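K.L.:
give me coordinates for this.
(2 chains)
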Amino acid sequence: MSDHALNPAHAGHDVSHEDHPGPGLYLLIAAILTVLTAAEITVFYVPGLQPVLVPILLVLAIVKFAFVGMFYMHLYYDSKVFTTLFVFPLLLALLIVFGLLLLFSHLQGVLSFVVP
Amino acid sequence: MAAQPKPLAFEHPSYLHDPGGIWSWITTVDHKRVAVLYGITALFMMAVGGMEAMLIRAQLMVPGNHLLSAAAYNEMFTMHGTTMIFLVLMPLELGFFANFFIPLQIGARDVAFPRLNALSYWVFLGGTIFLHLGLLRSIYGLPDAGWFGYANLTERMYTPGINVDCWDIGLLILGVSTLLSGLNFFVTIVNLRAPGMTFMRMPMFIWAMLVTTILILLAFPALTVGLIFLFADRFLDTHFYRVSAGATPILWQHLFWIFGHPEVYIMALPAFGMISEVIPPFSRKPLFGYPMMAYSLVLIAFLSYGVWGHHMFATGMGPIADATFSITSMLIAIPTGVKIFSWLATVWGGRLRFTTSMLFAVGFLVEFTIGGLSGIMHASPPVDLQQTDSYIIVAHFHYVLFGGVLMGILAAFYYWWPKITGRFLSEKLGKAQFWITAWAFNATFFPMHFVGVLGMPRRIYTYAPHMGWDFWNYFESVNAFILGFAFLLFFINIIWSAMDGEIASSDPWDARTLEWSIPSPPPAFNFAAVPMVTSRDAFWVRKYGTVGTHGVAPAIAGGAAAAPIGAHAEVEEHIHMPAPSLYPLIFALGVFLMGVGCLVWTRLIIMGGAVTVMSVIGMVFEYPSFGKFDPAMIAESTLGLDHRKVGMWAFLGSECVFFASLISTYMVYKDRNLGGFDAMILNIPLTSVSTFVLLTSSLTMVLALAAVQRDDRKWSVFWLASTVLFGCIFLGGQAFEFTDFVMQGLKIQTNLFGQTFYTLVGFHGIHVLIGVCWLIVLTIAVARGKIGKDRSLAVEIGGLYWHFVDIVWVIIFTLIYLMRTVKHA
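P.N.:
Predicted structure coming up:
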């Protein structure tokens, strides 16, 4: 008997592990992640790309993040409830990062212009 | 109350009856018993916190008083706040009422993770004791830097004793307990509701607890990070809050209030839920505006994350920040107002029964509204700048937390006590308690508005005479003692009820929700047959059909006569409740030992860690269906999802906020360095290799899962062992990097870059280390045949954690390493 309380039958709609992708796709994702990481490092070392370093690196990191989340963590295949449980806090976490950066830098800078 | 003198004949022993004696309480995992343990501890701490308040008021009763020294007074107000918030209000709401009534109201037999529930309690008890450990060394050993622990007052140079150490580590321990409780209740509500109980059919208390658990999961990590920085400052000589090192104490305030304002709602929302349960039965009407009440809870929770700055107007955040936080703070009054008016509309035109519970509910409405209105004043920065740190603030938050939250809790006590114990609390004593409380509370705290306007600051241990504060302070203190007397009546009432209280029937209030459909006190398994829910107010509809579901119900007889759902039903066969376990207590002991080790003997940290790890392993393998993929269980769950996966994803969501707080601190502090080493020291080639290694470990992890799922033991072990190997290589790389930096002279104490870098990357490394240990256990279990296809979930959940650690590194590698030359601040 499991260590959880019992409830009678509902219409279960969990996606079982049989719907997860096979090793072939995992290897493909790994190849993509390798290429993206190599691209990140290349961008870092190319002087001509320094002006656009931040947007390129951020996009590449987001894509890698999404690939791992969607395919290795199976968010693409599993219930959307899991995606919600992860993405909502992730957005909140981003807001905290942006909020603190704004509060500690740019908004304090504004103060010096506004207040004589 | 409805006249039902005859108690129900219990067909099964209640949860209170157990031949095991005290051992059965120590090893219990029954949510009701765990709730009772929380309740007893919290009531004891309520008495302690109340006495601290009495001492504060005795000291302030007359000017120039020296009953307490300044140091002792600091300890009293610090511990009064800390105790009432962390050891009384939250444990009563979450540990006691939510623990007891969430499963009963949603028609479940227990919470989703019963052992985790017991573990939360024992860790909570350990944290409670830890906060007071300083008393062993000195009578002046209690924490003394305020419940808010503002930096840099908490730095070692200003508070050299162990007082703040106990506060810091104690809150970290309590945070673990709260987070685990929040996770457990969240999964329970989301995935364990009775058939037919949709979100819009849930009792409002359940809605409130659902939103509260989300707040807990997403607010506590910020406090944890702030406390970790404080720990590092005190024990490792870092400078997270030291201006002399280029840091700013304001960082603490941000982290603390990112947690602190949602914390206000973590305390307030359960009280909202309790009031929403109490008012309808005593008005004989359904809750008015149910959908708007639910949406308002969600909106309050959402807005509560955007208002933390209103605690910090005086720090000079700048006009844009002030205006933003001011607007969001005022906006939060809208959903709160919706709730107040909905409660009033519920009462309006009802057949009111002024039981003690209803009186406290009405008291809540009045006092909380007063507190809310003064709160809107503080949302205006110019007004707040005049009022901050004065006694107006003390008046405001006591109207919210005592007049609001505690009145709500007292209403819940009188309402639910018969269900918990099977006996009534005395209505006569209860009403006496209410009226004395109503007078004494207002007489104590309302004049604080006056002395605040007259300029009396908070946190002063005495004051000169003839400042215009003498009379009001004397008046407040006398009434505070009367308030203490009211609580003495409450404790007497509890003892009287336990010894000689009137026996309660299963449904003494003719109530509307499922908990009243089973005997009082409930049997261990809660429901003989799990109820089928067909509408909101499920029990009421079962009793009376649609009569009274859209207006005032006629004064008909009590509900017990109307065949309660679960009380007399034939007991389902094969009800298996989770077995008792000693491991939760052992786990808490290990955590406690680690905390003590920080204070006195570092080897204890290792011993405590070992005890903790062994208890986790013991708990996991004690669990009969460890990692078992159970289609029947999934079919039985509300969302058709496995509890353990839901829990893991909710935990990972919470971890996002944890790492966000660490990353943002690094980014804020990186450019505040006062010279010396900076990010240019970072070894990009080495970490590039480490990144490839960690990404490869994610591949081997997912291949291991695929192998386990096809029951291929040989390849399962191979891929799992490979993942462990890659994890170890990554950790080795990190160890090499750290050692290299230290050899070059960059230590954690060196400068802001060093401390933020080591903390962020170090905590990621600790996560990797935990993952490696986890994977080693899984590898051994797979190799020994304990985990196969049928238990692949164990590997899947371990894998989720591992991949999360991987994606956090993806972000760290980009933001910290590759963007090392980018200025953020």
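K.L.:
distance of the closest residue to residue B:464 other than its chain neighbours from residue B:466?
P.N.:
Of all residues not flanking residue B:464 in the chain, residue B:63 sits nearest, at 5.9 Å (Cβ to Cβ, 6 or more residues apart in numbering or on different chains). C-beta: built from backbone N, CA, C; applies to glycine. Distance, residue B:63 to residue B:466, by Cβ to Cβ, to the nearest Å: 8 Å.
K.L.:
tell me the contacts of the residue sitting nearest the centre point of chain A?
P.N.:
Central residue of chain A (Cα atoms, centre = their mean): residue A:65, 4.1 Å from the mean position. Contacts for residue A:65 (Cβ atoms under 8 Å, 6 or more residues apart in numbering or on different chains) come out as B:807, B:810, B:811.
K.L.:
helix or strand: which one has it?
P.N.:
Under the criterion DSSP states H and E, the helix or strand holding residue A:65 is helix A:53-67.
K.L.:
and the angle for the helix or strand just after that helix with helix A:53-67?
P.N.:
Later in the chain than helix A:53-67, the nearest helix or strand by DSSP H and E is helix A:80-101. Interaxial angle, helix A:80-101 versus helix A:53-67 (axes from the mean of the first three to the mean of the last three Cα atoms, to 10 degrees): 160 degrees.
K.L.:
so for helix A:80-101, what gets flagged as buried?
P.N.:
Using 16 or more other Cβ atoms under 10 Å in any protein chain shown as the test for burial, helix A:80-101 gives A:81-83, A:85-86, A:89-90, A:92-93, A:96-97, A:99-101.
K.L.:
dump the residues you listed to JSON lines, plus distance to residue B:133.
P.N.:
Output for those, formatted as JSON lines (distance: Cβ to Cβ, whole Å):
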{"residue": "A:81", "distance to residue B:133": "42"}
{"residue": "A:82", "distance to residue B:133": "41"}
{"residue": "A:83", "distance to residue B:133": "43"}
{"residue": "A:85", "distance to residue B:133": "37"}
{"residue": "A:86", "distance to residue B:133": "38"}
{"residue": "A:89", "distance to residue B:133": "34"}
{"residue": "A:90", "distance to residue B:133": "37"}
{"residue": "A:92", "distance to residue B:133": "34"}
{"residue": "A:93", "distance to residue B:133": "33"}
{"residue": "A:96", "distance to residue B:133": "32"}
{"residue": "A:97", "distance to residue B:133": "35"}
{"residue": "A:99", "distance to residue B:133": "36"}
{"residue": "A:100", "distance to residue B:133": "33"}
{"residue": "A:101", "distance to residue B:133": "38"}
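K.L.:
just the CA atoms of stretch B:504-516, as CSV, please.
P.N.:
C-alpha atoms of stretch B:504-516 as CSV (Å, rounded to 0.1, in the frame of the first residue of the first chain):
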residue,chain,number,x,y,z
ALA,B,504,-20.3,17.2,20.7
SER,B,505,-22.2,15.4,18.0
SER,B,506,-20.7,15.0,14.5
ASP,B,507,-22.4,18.1,13.2
PRO,B,508,-23.1,20.4,16.1
TRP,B,509,-23.3,23.7,14.1
ASP,B,510,-25.4,22.3,11.3
ALA,B,511,-22.5,23.1,9.0
ARG,B,512,-21.9,22.9,5.3
THR,B,513,-18.5,21.2,4.7
LEU,B,514,-17.4,17.6,4.6
GLU,B,515,-15.5,17.4,7.9
TRP,B,516,-18.9,17.6,9.7
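K.L.:
picking up where we left off before, out of the buried residues of helix A:80-101, which are close to chain B?
P.N.:
When contact is defined as Cβ under 8 Å from any Cβ of the partner chain, the buried residues of helix A:80-101 meet chain B at A:81, A:82, A:85, A:86, A:89, A:90, A:92, A:93, A:96, A:97, A:100, A:101.
K.L.:
as TSV, the residues you listed with pLDDT would be great.
P.N.:
TSV is the format used below for those (pLDDT from 0 to 100):
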residue	pLDDT
A:81	93
A:82	95
A:85	94
A:86	95
A:89	94
A:90	95
A:92	93
A:93	94
A:96	91
A:97	91
A:100	90
A:101	88
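K.L.:
and of those, the nearest to residue B:23?
P.N.:
Proximity of those to residue B:23 (Cβ to Cβ) peaks at residue A:85, which lies at 37.7 Å.
K.L.:
excluding chain neighbours, what is closest to residue B:86?
P.N.:
Nearest-residue entry for residue B:86: residue B:174, 5.4 Å, with adjacent residues in sequence omitted and distances by Cβ to Cβ, 6+ apart.
K.L.:
no further queries at this time; thank you.
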